[in-house]
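1. only geometry, no sequence info:
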């Protein structure tokens, strides 16, 4: 896909970016190159490739799931300004 200076000006307007008119052809050339790269990447055959979250095949070291702090819920709720049914009540901020 090839962009022209007019399309770059429209994109800049929509993105609320100020660009100089003499820079529009360079932006058009650069954006067109990026869109061509994306088109080539979309054309790649990835049917047999399994999706992955990370390129390295490593397992994450996780800590043991253990309680590290005592339950102080009752203590904190006794000092809260307003509590109802175990929930903290706060002022309404959206009308």
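-> Structure received. Because the structure is predicted, anything quoted here is derived from the model rather than measured.
2. Please make it C-alpha for all contacts and neighbour counts, starting now.
-> Will do.
3. Against which helices or strands is the lengthiest helix in the chain packed?
-> Counting by DSSP state H, the longest helix found in the chain is helix 24-43. Applying 3 or more C-alpha pairs under 8 Å, 6 or more residues apart in numbering; DSSP states H and E, we find helix 24-43 packed against helix 5-14.
4. Who are the packing partners of the helix it packs on?
-> helix 24-43.
5. Between helix 5-14 and the helix it packs on, find me the angle.
-> 90 degrees (axes from the mean of the first three to the mean of the last three C-alpha atoms, to 10 degrees).
6. Mind listing what's buried along the next helix-or-strand element following helix 24-43?
-> Heading C-terminal from helix 24-43, the first helix or strand you meet, by DSSP states H and E, is helix 73-78. Going by neighbour count (16 or more other C-alpha atoms under 10 Å), nothing in helix 73-78 comes out as buried.
7. following helix 73-78, which helix or strand shows up next?
-> strand 83-84.
8. Can you tell me the centre-most residue of this structure?
-> What sits nearest the mean C-alpha location of the chain, by C-alpha atoms, centre = their mean, is residue 53, with 15.4 Å.
9. Next one, pLDDT for that one please.
-> Residue 53 carries a pLDDT value of 79.
10. how far away is the residue located most distally from the centre of the chain from residue 37?
-> Within the chain, residue 78 marks the point farthest from the mean C-alpha position, 38.7 Å out by C-alpha atoms, centre = their mean. Residue 78 is 60 Å from residue 37, where distance means C-alpha to C-alpha, to the nearest Å.
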